[in-house]
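*Asks:* take a look and give me a structure for this.
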Amino acid sequence: MWNPFSKPVTLVTHSGKFHSDDIFACAILSLVLEKEGKKAKIIRTRDPEIIASGDYVFDVGGEHDPALRRFDHHQKGGAGARENGIPYAACGLVWKAFGATLCGDAVAADRIDKKLIQPIDAHDNGVSLVEVKGDIRPYTIQDAFGSFIALSKEEESANDANFNMVVTFAKKILTREIFNSQYVVKFNATVKSLYENAADKRIIIFDE
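*Replies:* Numbering: from 1, shown residues only. All right, here's what the predicted structure looks like:
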């Protein structure tokens with residue numbers, strides 16, 4: 001249970017424009033901390049001293065070291081890529097470190113990585129996953145969240161508030177995707193068990 005008198009854990013990312021990469025990385029870490037009974041304080045900055053003092057730093061700082069809770073991919077050479085060639089962005093790095101913990105199951109976490117996390121990482125690294133027809137392309141979660149980025153000097157002060165708002169929504173998306181993925185993994189295991197134990201494997205009878 002969260003102690004209201006405990007010191008919040010600082011999550012530090014860059015200021016200015018935000019993307020689905022840093023939004024979901026922040027959402028993942030927030031859910032991890034909530035699961036541990038801790039409260040997160042989100043700081044968006046490019047001040048080196050503040051970045052260095054952050055408990056968790058992602059998408060800024062030029063360092064990837066999970067042991068130090070640093071998850072950036074902008075440094076020279078990046079932060080590696082998956083076997084399929086999709087490079088890691090901050091979202092993928094954070095999910096790689098905490099996804100299985102959040103899901104309680106590595107298989108469920110891998111399903112979400114393929115469905116949600118990898119497309120986010122691909123977009124952030126300029127990797128296209130779809131064939132564009134002329135000037136028509138899919139409207140993605142990146143577009144939806146990007147619509148809340150300030151477009152004028154007058155709006156810039158709202159960027160932090162808008163970031164916090166879309167992080168809250170990203171947490172809801174993640175929570176639902178985790179539930180869905182856990183359900184599918186459990187269902188698949190049930191089907192496999194029923195098949196393996198069926199006397200006649202041509203017909204499988206379900207209780208529900």
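*Asks:* Lys41 against Cys26, yeah?
*Replies:* No. Taking contacts as C-beta atoms under 8 Å, Lys41 lies outside contact range of Cys26: 11.2 Å. All C-beta atoms are positioned from the backbone trio N, CA, C, and that covers glycine.
*Asks:* what packs against the longest helix belonging to the chain?
*Replies:* Criterion DSSP state H: the longest helix present in the chain is helix 159-197. With contacts defined as 3 or more C-beta pairs under 8 Å, 6 or more residues apart in numbering; DSSP states H and E, helix 159-197 has these neighbours: helix 20-35, strand 40-44, helix 90-103, helix 106-112, helix 141-146.
*Asks:* what comes up buried for that helix?
*Replies:* For helix 159-197, a neighbour-count test (16 or more other C-beta atoms under 10 Å) marks 159-160, 162-163, 166-167, 170-171, 174, 177-178, 181-182, 185 as buried.
*Asks:* then stretch 129-137?
*Replies:* Residues of stretch 129-137 classed as buried by neighbour count (16+ other C-beta under 10 Å): none.
*Asks:* straight-line length of it, end to end?
*Replies:* Using C-alpha to C-alpha, to the nearest Å, the span of stretch 129-137 from its first residue to its last is 11 Å.
*Asks:* and it, what's its mean pLDDT?
*Replies:* The predicted model gives stretch 129-137 an average pLDDT of 90.
*Asks:* what of stretch 112-122?
*Replies:* Stretch 112-122 comes out at a mean pLDDT of 97.
*Asks:* endpoint to endpoint, that stretch covers what distance?
*Replies:* Note: stretch 112-122 ends 14 Å apart using C-alpha to C-alpha.
*Asks:* same question, stretch 107-126
*Replies:* 27 Å.
*Asks:* can you give me how far that stretch is from the chain middle?
*Replies:* 8 Å (C-alpha atoms, centre = their mean, to the nearest Å).
*Asks:* with stretch 97-112 instead?
*Replies:* The mean C-alpha position of stretch 97-112 is separated from the chain mean by 11 Å, C-alpha atoms, centre = their mean.
*Asks:* name the residues that touch that stretch?
*Replies:* Stretch 97-112 is contacted by residues 28-29, 31-32, 35, 66, 71, 95, 113, 117, 174, 177-178, 181-182, 184-185 when judged by C-beta atoms under 8 Å, 6 or more residues apart in numbering.
*Asks:* that older thread, quick check: neighbours shared by Lys41 and Cys26?
*Replies:* Leu11.
*Asks:* which one of those two has more residues nearby?
*Replies:* A count of neighbours by other C-beta atoms under 10 Å puts Cys26 above the other of Lys41 and Cys26, at 29 against 13.
*Asks:* His14 is in contact with that one, correct?
*Replies:* No. Contact criterion C-beta under 8 Å: Cys26 and His14 do not qualify, at 11.1 Å.
*Asks:* would you mark the buried spots in stretch 103-115?
*Replies:* In stretch 103-115, counting by 16+ other C-beta under 10 Å, buried: Cys103, Asp105, Ala108, Ala109, Asp110, Arg111, Ile112, Asp113.
*Asks:* next one: stretch 37-50
*Replies:* Buried-residue list, stretch 37-50, by 16+ other C-beta under 10 Å: Lys38, Ala40, Ile42, Ile43, Arg44, Thr45.
*Asks:* columns pLDDT and distance to Asp207 on top of these, output as CSV?
*Replies:* Below are the buried residues of stretch 37-50 laid out as CSV (pLDDT from 0 to 100; distance: C-beta to C-beta, whole Å):
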residue, pLDDT, distance to Asp207
Lys38, 94, 40
Ala40, 94, 42
Ile42, 96, 46
Ile43, 96, 51
Arg44, 96, 51
Thr45, 95, 55
